[in-house]
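Participant: Any chance you can model this:
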Amino acid sequence: MLAVNIPRLLDCEGAWGMRIELVPSLGTPVSSGGILFRTSAPVGRAQRRALESALAFGDVLSPASGPFGAIRAMVDIALKALSPAVNDPSRAVQALEEIEDILAELAPDIAKREALLAAHHDASVLREWTRSWADYVAAATDEIRQYGTGSVQIQRRLRALFDTLAGQCDLQQRAALLERRSALHRGLERWWPDPLDRRLAGCADPQGLGRALGTAARAEQAPEPEAPPA
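Facilitator: Coordinates of the predicted model:
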């Protein structure tokens, strides 16, 4: 399942006076004849068609399917570039540039959707139908962050990505970014025993290795800022 038209489903709930629960979550494979909805009252054929028209199906991991598929395609490129057989961290940095652009475009749309869900009495249920901002950030960066611990370029580019997006997105969306930035900070001693390497890896640099100290006047030695409360 690729997409859910939440406003349409909310309209159906209001017009029909019933509770509508979507069974599969976004990205879940749906078999032929599988259950899509549970309703608090029986529905007719026309109503079933109306509900089904609020859903879109396709290949979740295809770049053409939407932002999630595009993100995963870029992550795959980055992971292959970081593999020992390829060893091309500069290519992975280019993939992170694309990932940052996608996340920057997604952030305001997700914030609007969250506001819509929060205003509805079933927000806690409806939120499970779609991916959260934290879901997108995790899918976009966690594997690269874990696989790129031996690359100064990747460490620096990820820091720049987290810093840039944290400065652009809503306050409520900063936690997912700062949490991962803090993970990079905690790993400095473990991944980089040499002081010079540790200092270089601790800088944010949108080019990966554009300047020795990246965008900062000095290497980051101060404690990480705390994420806002959830």
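Participant: For Ile110, give me its contacts.
Facilitator: Taking C-beta atoms under 8 Å, 6 or more residues apart in numbering as the definition of contact, the neighbours of Ile110 are Ser132, Trp133, Tyr136, Gln173. Every C-beta, even on glycine, is put in place using the N, C-alpha and C of the backbone.
Participant: element containing it?
Facilitator: helix 89-118 (DSSP states H and E).
Participant: pLDDT for the contacts of Ile110 - can I get that in a markdown table?
Facilitator: Below are these laid out as a markdown table (pLDDT from 0 to 100):
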| residue | pLDDT |
| --- | --- |
| Ser132 | 90 |
| Trp133 | 95 |
| Tyr136 | 96 |
| Gln173 | 96 |
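Participant: ok, the residues you listed vs Pro7, which is closest?
Facilitator: Using C-beta to C-beta, the shortest approach to Pro7 within the contacts of Ile110 belongs to Ser132, at 18.0 Å.
Participant: and the closest one, what does it touch?
Facilitator: Contact partners of Ser132, counting by C-beta under 8 Å, 6+ apart, are Ile110, Glu114.
Participant: do that again at 6 Å, thanks
Facilitator: Ser132 makes no contacts at all, as judged by C-beta atoms under 6 Å, 6 or more residues apart in numbering.
Participant: Would you quantify the distance from it to Gly33?
Facilitator: When C-beta to C-beta, to the nearest Å is the yardstick, Ser132 and Gly33 sit 29 Å from each other.
Participant: next one: Arg49
Facilitator: 16 Å.
Participant: So the residue of the chain positioned farthest from its centre versus Trp16, what's the distance?
Facilitator: Of all residues in the chain, the one whose C-alpha sits farthest from the chain's mean C-alpha position, using C-alpha atoms, centre = their mean, is Gly44 at 37.3 Å. From Gly44 across to Trp16, the span is 10 Å (C-beta to C-beta).
Participant: re earlier: so for Arg49 and Gly33, which sits in the more crowded spot?
Facilitator: The neighbour comparison of Arg49 against Gly33 (other C-beta atoms under 10 Å) goes to Arg49, with 10 against 6.
Participant: and that one, what helix or strand is that in?
Facilitator: Short version: Arg49 belongs to helix 45-52, going by DSSP H and E.
Participant: could you dump that helix to CSV, C-alpha only?
Facilitator: This file holds the C-alpha atoms of helix 45-52, laid out as CSV (Å, rounded to 0.1, in the frame of the first residue of the first chain):
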residue,chain,number,x,y,z
ARG,A,45,-20.8,-2.2,-2.2
ALA,A,46,-20.8,1.5,-3.1
GLN,A,47,-19.3,2.4,0.3
ARG,A,48,-16.6,-0.3,-0.1
ARG,A,49,-15.7,1.2,-3.5
ALA,A,50,-15.5,4.7,-1.9
LEU,A,51,-13.2,3.4,0.8
GLU,A,52,-10.9,1.5,-1.6
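Participant: The chain should start at 687 in everything you say after this.
Facilitator: All set: I'll call the first residue 687, so the last point we hit is now helix 731-738.
Participant: looking only at pLDDT, what's the mean for it?
Facilitator: For helix 731-738, the mean pLDDT works out to 92.
Participant: Just after that helix, pick out the following helix or strand.
Facilitator: In the C-terminal direction, the helix or strand that comes right after helix 731-738 (DSSP H and E) is strand 741-742.
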